[in-house]
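# Following is a predicted model, sequence given first.
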Amino acid sequence: MSVTEWESLCDGCGCCCLHKLEDDDTGDIYATSIACRLLDKDTCQCKNYTHRKSIISDCILLDIATIKTARWLPESCAYRLVSEGKDLPWWHPLISKDFQTVHQTQFSAREQIKIHDDELSSTESYYQYITGILYKNR
């Protein structure tokens, strides 16, 4: 698969750009409503995609190796679905031919974003933005 083909799998949901918290004791991973400062809350697109890794040092590049170990990716993530041999959902832009269907079906981060990480006063305030559990370590 070419880089262009790989990149086209992204449905533009922005969920991978929401911060997650991992419990050091249990390994459970929690979702938050805190977005990366580069995530545009209206479009759910990175404001500086080409240079994101040099701006955000801990930005995770989604490649095949990462996809296989990223327990925090949503079940609807196209990268995850393809790696599991599953079909893309009807609302995926490659199927629907419409980049808005991911937002219209509420599979995007658009309505979840409450704050950007650069607006937080401290890392302690992350806890008040937990929205649920993404991965339960069994």
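Received the coordinates, thanks.
# In contact with the most centrally placed residue in the chain, which residues?
With distances taken as Cα atoms, centre = their mean, residue 16 lies nearest the centre of the chain, 1.3 Å away. Residue 16 makes contact with 60, 62, 73, 77, according to Cβ atoms under 8 Å, 6 or more residues apart in numbering. Yep, even glycine has a C-beta here, placed from its N, CA and C like the rest.
# What are the buried residues along stretch 41-50?
For stretch 41-50, the neighbour count (16 or more other Cβ atoms under 10 Å) marks 44, 46 as buried.
# how close does the residue nearest to the centre of the chain get to residue 45?
From residue 16 across to residue 45, the span is 12 Å (Cβ to Cβ, to the nearest Å).
# shared neighbours of these two, anything?
In contact with both residue 16 and residue 45: no residue, using Cβ under 8 Å, 6+ apart.
# picking that back up, show me which pair in the contacts of residue 16 is furthest apart.
60 and 77 (12.6 Å; Cβ to Cβ).
# higher neighbour count, these two?
Neighbour comparison, residue 60 and residue 77: the larger count goes to residue 77, with 22 against 12 (by other Cβ atoms under 10 Å).
# Against residue 35, how distant is the more buried one?
Counting by Cβ to Cβ, the gap from residue 77 to residue 35 is 17 Å.
# and what of residue 110?
10 Å.
# Dump the contacts of residue 16 to a markdown table, plus pLDDT.
Formatted as a markdown table, those follow (pLDDT from 0 to 100):
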| residue | pLDDT |
| --- | --- |
| 60 | 93 |
| 62 | 92 |
| 73 | 92 |
| 77 | 95 |
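# Closest one to residue 28 out of these, please.
The shortest approach to residue 28 among the contacts of residue 16 belongs to residue 73, at 15.4 Å (Cβ to Cβ).
# Is that closest one in a helix, a strand, or coil?
coil (DSSP: H, G, I helix; E, B strand; the rest coil).
# what about the spatially closest residue to it that is not a sequence neighbour, neighbour count?
Leaving aside its chain neighbours, residue 73 sits nearest to residue 80 (4.7 Å; criterion: Cβ to Cβ, 6 or more residues apart in numbering). Around residue 80 sit 18 other residues, with neighbours defined as other Cβ under 10 Å.
# Only alpha carbons, please: show the one helix or strand residue 80 maps to as PDB.
Element membership of residue 80, judged by DSSP states H and E, is helix 78-83. The C-alpha trace of helix 78-83 is given here as PDB (Å, rounded to 0.1, in the frame of the first residue of the first chain):
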ATOM      1  CA  ALA A  78     -10.400   2.400   9.500                       C
ATOM      2  CA  TYR A  79      -6.700   1.600  10.100                       C
ATOM      3  CA  ARG A  80      -7.800  -0.900  12.800                       C
ATOM      4  CA  LEU A  81     -10.600  -2.300  10.700                       C
ATOM      5  CA  VAL A  82      -8.300  -2.900   7.700                       C
ATOM      6  CA  SER A  83      -5.700  -4.500   9.900                       C
END
